[in-house]
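In: just need the structure, nothing else, for what follows:
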Amino acid sequence: MASILDVLFGCNHKNFSFPITKRPGQRLSAAAAVTGTYVACLDCGKEFPYDWHEMKMIEGNPRKINALAAKSAEIFADK
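Out: Numbering: from 1, shown residues only. The predicted structure is shown next:
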């Protein structure tokens with residue numbers, strides 16, 4: 001029921017923050033856990049994963065999100 005209301009009356013996510021990267025040791029939200037970086041909608045506060053390599057928000061495709069999460073884990077493990 002809530003998803004139907006979101007579609008009808010929810011936020012259209014047009015205004016976003018500058019990408020925010022979490023520091024090692026900080027608690028990660030679900031969006032930041034994918035790549036370590038996220039953007040937030042300035043209207044409703046929802047967070048979305050962000051890919052610095054492609055310079056854009058990551059949306060929808062779970063296969064792509066999982067691949068980026070694995071790639072980010074490798075990068076953070078090297079540091």
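
In: from here on, just use CA atoms for contacts and neighbour counts.
Out: Noted.

In: now the helices for the protein?
Out: Along the chain, counting by DSSP state H, helices occupy 2-9, 30-35, 62-78.

In: out of those helices, which gets the lowest mean score?
Out: Among the helices of the chain, helix 62-78 carries the lowest mean pLDDT, at a mean of 63.

In: start to end distance for stretch 21-33?
Out: Start and end residues of stretch 21-33 are separated by 10 Å (Cα to Cα, to the nearest Å).

In: stretch 45-55 too?
Out: Terminal residues of stretch 45-55 lie 20 Å apart, using Cα to Cα.

In: which parts of that stretch are buried?
Out: Glu47, Phe48, Pro49, Tyr50, Asp51 (16 or more other Cα atoms under 10 Å).

In: including distance to Ala30, could those go into JSON lines?
Out: Output for the buried residues of stretch 45-55, formatted as JSON lines (distance: Cα to Cα, whole Å):
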{"residue": "Glu47", "distance to Ala30": "8"}
{"residue": "Phe48", "distance to Ala30": "9"}
{"residue": "Pro49", "distance to Ala30": "8"}
{"residue": "Tyr50", "distance to Ala30": "12"}
{"residue": "Asp51", "distance to Ala30": "14"}
